[in-house]
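[1] The following comprises the amino acid sequence and a computationally predicted model.
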Amino acid sequence: MSAAVELRAVSHRYGGTLALDGVGLEIAAGETVAVIGPDGVGKSTLLGLIATAKKPQAGEIRVLGTDACDRRGRGRLQPRIAYMPQGLGRNLYADLSVAENLQFFGRLFGLDAGRRRTRIRDLLEATGLAPFPDRPAGKLSGGMKQKLGLCCALLHDPDLLILDEPTTGVDPLSRRQFWELIDRIRAGRPGMTVLVATSYMDEAERFDRVMMMNAGRLLAADTPATLKAQHGAETLEDVFVALLPEAARRGHAKLVVPPRPPEADGAGPAIEARGLTRRFGGFTAVEDVSFRIGRGEIFGFLGSNGCGKTTTMKMLTGLLPASAGEARLFGAPVDAGDREARRRVGYMAQSFSLYGELTVNQNLALHARLFGLDADKARLDRLTERFGLAAYGDAVADRLPLGVRQRLSLAVAVLHGPELLILDEPTSGVDPVARDQFWRDLVALSRDQGVTIFVSTHFMNEAARCDRVAFMNAGRVIASGPPDTLRRQQRAQTLDDAFIGFMRQAERGEGAVDAEPPARLAVEVAPAGVLPSGGPGLGGVSFRRLLAYAWRESLELRRDPVRLTVALLGTVLLMLVFGFGITMDVENLRFAVLDHDRSPESRAYVEQFEGSRSFVATPPAADPAALAARLQRGEAALTIEIPDGFGRDLRRGGLGGGDGRAPELSVRIDGAMPFRAETVQGYVAGLHQRFIEDRAREAGVTLPPGAAVLETRYRYNQAFRSADAMVPANIGLLLVFIPAILAALGVVREKELGSITNLYVTPVTRLEFLLGKQLPYIALAGFNLLLMIAMAVALFGVPVKGSLAGLLLGGLVYVCATTALGLLISAFTTTQTAAVFGTAIATMMPATQFSGLMQPVSTLEGPAHAIGTLFPTTYFLKLSVGAFTKGLGFTELLPFIAATAAFIPALLALGVLFLPKQER
Amino acid sequence: MERFLRNSLTLARKEWISLLRDGFMLGFVIYSFTLSVYSQATGISHELRNAAIAVVDEDRSALSQRLLSSFHGPEFQTPVLLRHGEVDPAMAAARYTFVLDIPPDFQADVLAGRSPALQLLIDATAMMQAGIGAGTIQGILDDEIGRFVRREAPAAAPPISLQVRVAFNEALDTRWFTGTMSVVSNVTMLAVLLAGAALIREREHGTLEHLLVMPVRPAEIMAAKVLANGTVILALTVVALQGVLRGVLGVPLAGSVPLFLAGTALYLFFATALGIFLGTVARSMPQLGLLFILIVLPMNMLSGGFTPLESEPGWLQTAMQLSPSTHYVAFAQAILFRGAGIATVWPRFAATAGIGALFFVWSLARFRRHLATFH
């Protein structure tokens, strides 16, 4: 039989780090292979390359007889491969139900409705998920998530199944069921090759061959039995340690835990929990948990992800209040506000929770200062010495190897010399040698210094080192006692088996929850030669896959309240703000007068201003200083000072330019806001002119005519009302801003959550992916367009004087362009944070400054003009203002619509070009 | 009290180191107070520049030629000649903001003293240019026609001489205004963003939880964030004022810079507390971004730093008095443009401090509750 997978001299780098170093291997068709090794040795990179999820850098990769480095080869290959990336439910959609997830994957692989129905039914039956078709994937237990992931992977009958750490963080029973499921599937489909990565070395026993990896290289590849025989080792873990290079296992010796000295009388327990319960809403995370931990004891807490271990530990530290029950530390009830009690406890959270951007020394110093121990330099030196951190003092914590980081966390946790240590999965992902080192430290703390240690883990061999352990499942402690006793009680070979025994016992007690799946497995084999297709399509674009993405995106959007609120109400709110806030109208200008004259003429002059709609009078000022102060405080936008004798001079001088002195008026305008000042100048000149003309008419004097008269006509907006120009423009502004951000978020969310892998490894093309994601946002933005037109008409009193049809068509075309713009921006961002802020800046700046909102694009120069010309908002602003205020008809709007439409294919093409179809 | 200060300072020092090592955020903050201020100051001009004008010349006389050539840079582009029928489509397509129509026999009528009428069509949907441009064009035409008819005798003295002086910014240089207001608005935006992001980052990395198992009180954690992020913003405000505004753009800051900085420090209590408040509401950074758009952006836009407060509807003006950002903008304008002293701006300072303190206390209470429940 030919090789299913063939690798030659494959190397892979991430920046300066070499993840794979000249790996060569061969896997026969129908073989089952496990790749084992701790975190960060290159397992995931290897599997990702074989699954075509990652872009190959160097070497040859042939999968199922096809060159996986070739783009066309990948296209033929992808329908035959199934890939489950690392992380519980990483390629699933948490907001979608079990059935919806399966439907989505079925459509991606081009299964028609009938086939989808039967396949999904069979797989749900086989995996025991049939009772929960409507449960959201995010609410499933870890084991169920992984079974669902497997169902999704098997929908299309793959020839090669690639599973990356499928059982990490899953409880022992589900783990066992998972592997039994794989065995049964293989029995029904013997030709299928299975390639699995795992960090549980004992799991590898059931595979045809085991490949051991360390530091990007293959250490060995053989059957489990041969490997153990060759190295005279009992377990694969021992084989692995024996294979490590000398430097890596220096100082490694079998860890022996000395027996615990007898407890001192009358000391009382270190921890006592009675009926501890914690509920989150309707969900009970921890139910009626009781235990007692003696001083100096190492107490292990075992269970899967999400079984309540972490919640229990947080209740003991006071981080979380208990819903019911009581916890006592050293005889006193846990009190979150008691800062002195915190000095007796050291806590290490599940993930690395020190400051990654600080150096080792800075982290230690920070904590020493917070405990008021910074004067004790010797203590810090002892600590760095003891935990082997001296060499890393000035290294930034984020760049340290995982094992060293965990030692640093432990050093920080014991810095203040606590009597009790609470450690939440301190060794997950750490390699076996570093793990043993860590445990050596723990044992020393317990036995030499009498520190009580409460530690959670999912490694059974670590549990075996504890004085006593408690098995936890689904929020309850199902058994506790010394490890050997528990094993004997279940007459089990290993602690794993004992755990499973207790789980089954607990389930029998209250009726099966996660029932054993039926033995029968109906895996129908796809008829030869009938490869699934993408259904009807056009030019290589499959509508089925495209619509699958659109359907899924709209489901997710409907279930995400924050994004939905922003999408529906964000524009409305901002429309109100912009409509009332951005106005070019200059009105309600406060003015103050200092009238030295107090004649009928001076009063008449002031009345001009009082009568104007633009000005509001304030009480007259008493003296020039008060007048100046008004202006300075911003209480008046302009001040008018009328000199003594104004009326007399005006009467005497006449208006025809007689021989008298022309009376002089002084007006001062606040120039802080230049635009306003400029407008005020115009108003003042106008009122002044009118005053002169009125006086002249009264006096019967004819003023000399000008050489010519300028008749000014304000077109489209006779009243020169800001709203008539700004409200239509705001619609254009908001329809680029929010839809682009939401569309960009839609894509980048997948990158951050990991489900983007489905784009990499399934037959969906980039264009189908982008168009599918775009459709729901076009619909939403279209709805917003209607809403804003209604607001413009009803709320701001800006009628659509021109063609409504043109406005609607143009708006639809415009939102297609703006959502496409968001998709293009998403290609350059990897985090949702960057997507929000990046898109906001990238759309807001050109839209407000270069698209003709403030100044017509025709007046811009250089880069500003270029940006303005190449930004869709420029054309829609003209269209919107044209349709609303200028009263343009449909045909007059057509050129703008065409110009806006030209952006759609261009932006989409760029989006496709820059969106990678493989991970780097 | 001593321990409170010690712990707050210790944690603040940690915040500073974190920010220094966060290249992206640091770059963004520095950009906001330097290049961004510069580009906003020079980018958004409220002056008439490069305006597009077209002329329908039905006279084709020496005078009409002179009028045509009187429109030139930097205020105007070279005028484009149009025929009558072309005016409407060109204005519909917004190609020209101004179209001047010179009627037949214009020159002859002027010389005959018949005072003929010129027609100026203005696209009133280009609000900013239309308002200013009308006055400018009127002035240019008056001058040019006046020179043409060569009235030797100086024009009759105006019956009332009106002395209009623009105070505080005589040349009406818009860069003063847009530059200074962009500093003020960036103080708000960046303070909120930095403080909010600092909280969310600690929560996402699990370090917040870590602090809570140590002898540290929530008030100390919040005080450290306010102090650390506030001082960074304050320091950058100095850079923006002295370096960019005064140094590069030559804006003569009228009043006392220390007084303005003192007011900014008061305001930063509110702005950073708002950031922390939003940080407790948002579950993730993207959500913070969306909340920011819905809350901080409108608050900023309506505070009077972009368009005059008195142009807003009355109810909105009243509502905005509750926001310290409005008082901040008001006293920033008073100090920096009008040279106001503490005697003038103290009511604004008091309002900023008072509302800010209330909000700070409320945010702290919310932060405490948040710490007890966020797990």
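    Thanks, I have the structure now.

[2] Grab the longest helix from chain A for me.
    Counting by DSSP state H, the longest helix found in chain A is helix A:722-753.

[3] Does chain B have contacts with that helix?
    Yes - Helix A:722-753 reaches chain B (Cβ under 8 Å from any Cβ of the partner chain) through A:Ser722, A:Asp724, A:Ala725, A:Met726, A:Phe737, A:Ile738, A:Ile741, A:Leu745, A:Arg749. Bear in mind the C-beta positions are built from the backbone N, C-alpha and C, glycine included.

[4] would you list these in TSV and tack on neighbour count?
    Converted to TSV, the residues of helix A:722-753 next to chain B look like this (neighbours: other Cβ atoms under 10 Å in any protein chain shown):
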residue	neighbour count
A:Ser722	21
A:Asp724	25
A:Ala725	28
A:Met726	25
A:Phe737	24
A:Ile738	28
A:Ile741	32
A:Leu745	25
A:Arg749	21
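
[5] Tell me the one among those residues nearest to chain B.
    A:Ala725 (4.2 Å; Cβ to the nearest Cβ).

[6] So that closest one is in contact with B:Met128, correct?
    No - if you go by Cβ atoms under 8 Å, A:Ala725 and B:Met128 don't touch, sitting 9.2 Å apart.

[7] what touches both of those two?
    The contact sets of A:Ala725 and B:Met128 overlap at A:Met584 (Cβ atoms under 8 Å, 6 or more residues apart in numbering or on different chains).

[8] Please give the number of neighbouring residues around the residue lying closest to B:Val248 once chain neighbours are set aside.
    Nearest residue to B:Val248, sequence neighbours excluded (Cβ to Cβ, 6 or more residues apart in numbering or on different chains): B:Tyr38, at 6.4 Å. B:Tyr38 has 19 neighbouring residues, counting by other Cβ atoms under 10 Å in any protein chain shown.

[9] helix or strand for B:Tyr38, which one?
    In the assignment (DSSP states H and E), B:Tyr38 maps to helix B:35-43.

[10] returning to what we had before: same for the helix or strand just after the longest helix of chain A, what does it pack against?
    Next in sequence after helix A:722-753, counting helices and strands by DSSP H and E, comes helix A:757-761. Helix A:757-761 sits against strand A:81-84, with contacts defined as 3 or more Cβ pairs under 8 Å, 6 or more residues apart in numbering or on different chains; DSSP states H and E.

[11] which residues touch the strand it packs on?
    A:47, A:51-53, A:63-64, A:90-91, A:146, A:149-150, A:153-154, A:156, A:158-164, A:166, A:757, A:761.

[12] Filter these down to just the ones in helices.
    A:Leu47, A:Gln146, A:Gly149, A:Leu150, A:Ala153, A:Leu154, A:Thr757, A:Val761.

[13] ok, back up a step: tell me the buried residues in the helix holding B:Tyr38?
    B:Ser36, B:Val37, B:Tyr38, B:Gln40, B:Ala41, B:Gly43 (16 or more other Cβ atoms under 10 Å in any protein chain shown).

[14] Can you name every helix or strand that the longest helix of chain A contacts?
    helix A:571-581, helix A:766-794, helix A:804-826, helix A:832-845, helix A:872-881, helix B:127-148, helix B:285-301.

[15] please redo it, this time with the cut-off set to 6 Å
    The contact analysis (3 or more Cβ pairs under 6 Å, 6 or more residues apart in numbering or on different chains; DSSP states H and E) places helix A:722-753 against helix A:571-581, helix A:766-794, helix A:804-826, helix A:832-845, helix A:872-881.

[16] Mind checking those for the one nearest to A:Pro269?
    Closest to A:Pro269 of the helices and strands packed on helix A:722-753 is helix A:832-845 (Cβ to Cβ; 45.7 Å).

[17] Put the alpha carbons of the closest one into PDB.
    Output of helix A:832-845 as PDB, limited to C-alpha atoms (Å, rounded to 0.1, in the frame of the first residue of the first chain):
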ATOM      1  CA  GLN A 832     -10.300  42.200  17.200                       C
ATOM      2  CA  THR A 833      -8.900  45.200  19.100                       C
ATOM      3  CA  ALA A 834      -6.800  46.300  16.100                       C
ATOM      4  CA  ALA A 835      -9.800  45.700  13.800                       C
ATOM      5  CA  VAL A 836     -12.000  48.000  15.800                       C
ATOM      6  CA  PHE A 837      -9.500  50.800  16.200                       C
ATOM      7  CA  GLY A 838      -7.700  50.400  12.900                       C
ATOM      8  CA  THR A 839     -11.000  50.400  10.900                       C
ATOM      9  CA  ALA A 840     -12.300  53.300  12.900                       C
ATOM     10  CA  ILE A 841      -9.200  55.400  12.100                       C
ATOM     11  CA  ALA A 842      -8.900  54.100   8.500                       C
ATOM     12  CA  THR A 843     -12.500  55.000   7.700                       C
ATOM     13  CA  MET A 844     -13.200  58.100   9.900                       C
ATOM     14  CA  MET A 845     -10.200  60.100   8.800                       C
END
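
[18] hang on, the earlier thing: from the ones in helices among the contacts of strand A:81-84, which is closest to A:Pro261?
    A:Gln146 (42.8 Å).
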